[in-house]
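1. Quick one, what's the 3D model for this:
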Amino acid sequence: MKLEHLTNETFKEKVFNYEDNKEWKFEGDTPAIIDFYADWCGPCKVIAPLLEELKDEYGDKLEIYKVNTEEQRELSSVFGVQSIPSLLFIPKEGQPQMAMGALPKETFKQAISEVLSVSI
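-> Here you go, the predicted model:
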């Protein structure tokens, strides 16, 4: 399953409209992970198939989006992304949490369970 790539516009619709809201307000109905990546980034390529596997395993319980930091510089700067991959874990309620680096699949599953309160 291909993961959806977000642009500035789709990000504001599906995740957070940072132009209208100063405080965090999640626009989605399903907990989400956003992968801030670049095509040239080695660790990003390592986790890409893991994220697709996770999307297959969790199905409709979890959204996984990708943001190309080269194409979506404004989005990257809004979230202060300085190193990639950066992964934003967004629970349905509460504040999102950022993780840096290529995480192993078990760490993703743990974060999905603990931060997002989602189980398979």
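2. Longest helix in the chain, please.
-> In the chain, assigned by DSSP state H, the helix with the most residues is helix 42-58.
3. Quick one: list the elements packing against that one.
-> When contacts are defined as 3 or more CB pairs under 8 Å, 6 or more residues apart in numbering; DSSP states H and E, helix 42-58 packs onto strand 32-37, strand 63-68, helix 105-114. C-beta coordinates here come from the backbone N, C-alpha and C atoms, glycine included.
4. switch the cut-off to 7 Å
-> Where contact means 3 or more CB pairs under 7 Å, 6 or more residues apart in numbering; DSSP states H and E, helix 42-58 is packed against strand 63-68, helix 105-114.
5. can you tell me how far residue 54 sits from residue 76?
-> Counting by CB to CB, to the nearest Å, the gap between residue 54 and residue 76 amounts to 22 Å.
6. picking that back up, export the helices and strands packed on helix 42-58 to JSON lines and append columns for mean neighbour count.
-> Rendered in JSON lines, the data for these read as follows (neighbours: other CB atoms under 10 Å):
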{"stretch": "strand 63-68", "mean neighbour count": "21"}
{"stretch": "helix 105-114", "mean neighbour count": "15"}
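7. How many residues are close by the residue nearest to residue 83 when sequence neighbours are not counted?
-> With CB to CB, 6 or more residues apart in numbering as the criterion, residue 83 has its nearest non-adjacent residue at 5.5 Å, and that residue is residue 100. Taking other CB atoms under 10 Å as the criterion, the count of residues near residue 100 is 14.
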